[in-house]
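In: just a sequence and a predicted model for now, questions to come.
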Amino acid sequence: TMKGPPSQSTQNQLTEEQIIQSFKSMVSECQAIRRKIAELEQESSEHLLVIETLEHAEKSRKAFRLIGGILVQKTVGEILPDVKKNLEGIKQVLSHLESDLKTKEDTASKWKETYNIRTQNEVQNSKKQTMQQSSNGLLV
């Protein structure tokens, strides 16, 4: 669990290493949530493909479904509602994760701003801009 930006008294107690470690932890959590979202989006698209396929099949046709690593034989009419229900569950989890990601990204952003944290990419881009600005007026 991440904490929001610290109070003024807490700021004085944290070392630079603790600040950086906390920020890295926040970024890491956001990346993990993004990976999980991507995984669930893939699963969602697979469910949609199965639903599209099964909706055009006869309800009495044999169909197989993998449940907990076991292949189960049922009919299309029995499996289709289950697949649709699973898809709805995936969508709910995705919605929750996207909301959670936004909250954690906002918290990380506030932390970054509070402690004036700059990533290596930001430092490098800043150096490049400085070099470009200083070389703009030179004639060679």
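Out: Ah, there it is. Numbering: from 1, shown residues only.
In: give me the below-cutoff pLDDT ranges for the protein.
Out: By pLDDT under 70, the weakly predicted segments of the chain are 1-12, 133-140.
In: for it, which segments count as helices?
Out: Assigned by DSSP state H, the chain shows helices spanning 8-13, 16-55, 76-114, 120-135.
In: I'd like the ones you listed as TSV, with distance to Ile67 and mean neighbour count appended.
Out: C-betas here are computed from N, CA, C, even on glycine. Converted to TSV, those look like this (distance: least, Cβ to Cβ, whole Å; neighbours: other Cβ atoms under 10 Å):
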stretch	distance to Ile67	mean neighbour count
helix 8-13	49	9
helix 16-55	14	14
helix 76-114	9	15
helix 120-135	45	10
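In: in CSV: these, plus distance to Arg65.
Out: Shown next, in CSV, are the helices of the chain (distance: least, Cβ to Cβ, whole Å):
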stretch, distance to Arg65
helix 8-13, 52
helix 16-55, 9
helix 76-114, 5
helix 120-135, 46
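In: wait, which of those helices is closest to Gly68?
Out: With respect to Gly68, and counting by Cβ to Cβ, the nearest of those is helix 76-114 at 12.8 Å.
In: tally of neighbours for Ala63?
Out: Applying other Cβ atoms under 10 Å, we find 19 other residues in the vicinity of Ala63.
In: tell me the contacts of Leu40?
Out: Counting by Cβ atoms under 8 Å, 6 or more residues apart in numbering, Leu40 makes contact with Ile90, Val93, Leu94, Leu97.
In: in a markdown table, list these along with distance to Thr119.
Out: Below are these laid out as a markdown table (distance: Cβ to Cβ, whole Å):
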| residue | distance to Thr119 |
| --- | --- |
| Ile90 | 33 |
| Val93 | 30 |
| Leu94 | 28 |
| Leu97 | 24 |
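In: out of those residues, flag the one nearest to Ile37.
Out: Leu97 (5.2 Å).
In: quick one, what contacts the residue nearest the centre of the chain?
Out: Centroid-nearest residue in the chain: Arg34, 1.7 Å away (criterion: Cα atoms, centre = their mean). The contact partners of Arg34, taken as Cβ under 8 Å, 6+ apart, are Leu101.
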